[in-house]
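Student: Need a 3D model of the following:
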Amino acid sequence: MIGIVDYGMGNLFSVSKALERLGADYFISADREKLLSADALILPGVGSFRDAMDRLQVETIKEFAATGKPLLGICLGMQLLFEESEENGPTKGLGLLPGKVRRFKGTTAEGETYKVPHMGWNRLEFVQESPLLKELDEDYVYFVHSYFVDAKGNDALLAKADYHEQVSAVVGRENIYGMQFHPEKSSKLGMALLNNFLTMAAERETV
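Tutor: Alright, predicted model coming up:
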């Protein structure tokens with residue numbers, strides 16, 4: 001059973017529909033006990049980092065993470081897993097993964113400007129092996145974001161993309177995972193990534 005965290009800032013409809021297409025049992029809830037009972041949690045997110053941290057049940061998410069059950073952050077939800085964001089001034093995150101969230105500069109070192117947000121299809125480059133990437137090929141996924149996780153040299157970096165900066169596209173360490181893009185909007189590869197997450201949850205349940 002997959003729990004989708006409802007804290008008023010997630011794209012709950014598209015995530016839930018993706019899980020339905022994959023045949024997964026799920027629920028959407030803000031209730032602490034119900035969320036802690038899930039076999040895996042998905043933390044979606046759209047909007048401001050600071051607003052999200054104000055609304056999020058931080059201790060519930062940290063308590064769930066400590067159980068060892070799989071936790072997946074999507075888009076803003078992925079950024080919340082990290083230590084800090086500079087969006088609207090420095091704001092502490094969940095601190096489940098090391099790294100900081102920074103804004104795209106909008107200007108290259110050569111003085112050329114580029115569009116912010118990073119919006120559209122971009123190709124993933126796999127950095128290291130992970131159950132989340134198992135039996136998958138590098139392909140394009142769909143991004144919409146103005147801030148990115150600076151994870152250079154970070155052993156949690158699983159896949160990256162390039163948008164005038166190194167974009168941390170897929171991250172993971174132990175049972176904590178994140179995707180900066182929207183897997184539910186990312187065609188074949190996005191759905192395959194979600195399916196691998198579901199497989200990880202099912203395998204842990206049977207251990």
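Student: can you pull out the helices in the chain?
Tutor: Listed in chain order, the helices of the chain (DSSP state H) span 12-21, 32-37, 49-55, 58-66, 76-80, 187-206.
Student: Can you say which of those helices is nearest to Leu124?
Tutor: Across these, Leu124 has its closest neighbour in helix 187-206 (7.2 Å, Cβ to Cβ). Where you see a C-beta, it was placed from the backbone N, CA and C, and this is true even at glycine.
Student: Give me the residues contacting the closest one.
Tutor: For helix 187-206, contacts defined as Cβ atoms under 8 Å, 6 or more residues apart in numbering pick out 2, 18-19, 21-22, 24, 39-40, 68-70, 72, 124, 131-134, 136-137, 139-142, 170, 177, 179, 181-184, 186.
Student: In PDB, list the C-alpha atoms belonging to that helix.
Tutor: Taking C-alpha atoms only, helix 187-206 is exported to PDB below (Å, rounded to 0.1, in the frame of the first residue of the first chain):
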ATOM      1  CA  SER A 187       6.200   8.900 -20.700                       C
ATOM      2  CA  LYS A 188       7.800   5.400 -20.800                       C
ATOM      3  CA  LEU A 189      10.900   6.100 -18.600                       C
ATOM      4  CA  GLY A 190       8.900   8.000 -16.000                       C
ATOM      5  CA  MET A 191       6.400   5.200 -15.600                       C
ATOM      6  CA  ALA A 192       9.200   2.600 -15.500                       C
ATOM      7  CA  LEU A 193      10.900   4.500 -12.700                       C
ATOM      8  CA  LEU A 194       7.700   4.600 -10.700                       C
ATOM      9  CA  ASN A 195       7.200   0.900 -11.300                       C
ATOM     10  CA  ASN A 196      10.700   0.200 -10.000                       C
ATOM     11  CA  PHE A 197       9.900   2.200  -6.900                       C
ATOM     12  CA  LEU A 198       6.800   0.100  -6.400                       C
ATOM     13  CA  THR A 199       8.800  -3.100  -6.900                       C
ATOM     14  CA  MET A 200      11.300  -2.000  -4.200                       C
ATOM     15  CA  ALA A 201       8.400  -1.400  -1.800                       C
ATOM     16  CA  ALA A 202       6.900  -4.900  -2.600                       C
ATOM     17  CA  GLU A 203      10.200  -6.600  -2.200                       C
ATOM     18  CA  ARG A 204      10.800  -5.000   1.200                       C
ATOM     19  CA  GLU A 205       7.300  -6.000   2.300                       C
ATOM     20  CA  THR A 206       8.100  -9.700   1.500                       C
END
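Student: for the residue nearest to Gly68 when sequence neighbours are not counted, what are its contacts?
Tutor: Leaving aside its chain neighbours, Gly68 sits nearest to Asn175 (5.2 Å; criterion: Cβ to Cβ, 6 or more residues apart in numbering). Contact partners of Asn175, counting by Cβ under 8 Å, 6+ apart, are 65, 68-71.
Student: Check the contacts of helix 187-206 for burial and list the buried ones.
Tutor: In terms of neighbour count (16 or more other Cβ atoms under 10 Å), the buried residues within these are 2, 18-19, 22, 24, 39-40, 69-70, 72, 124, 132-133, 136, 140-142, 170, 177, 179, 181-184, 186.
Student: list the contacts for the residue lying closest to Val101 once chain neighbours are set aside?
Tutor: Sequence neighbours aside, Ser85 is the residue nearest to Val101 in space, at 3.7 Å (criterion: Cβ to Cβ, 6+ apart). Going by Cβ under 8 Å, 6+ apart, Ser85 touches 49-50, 79, 91, 93, 100-101, 147.
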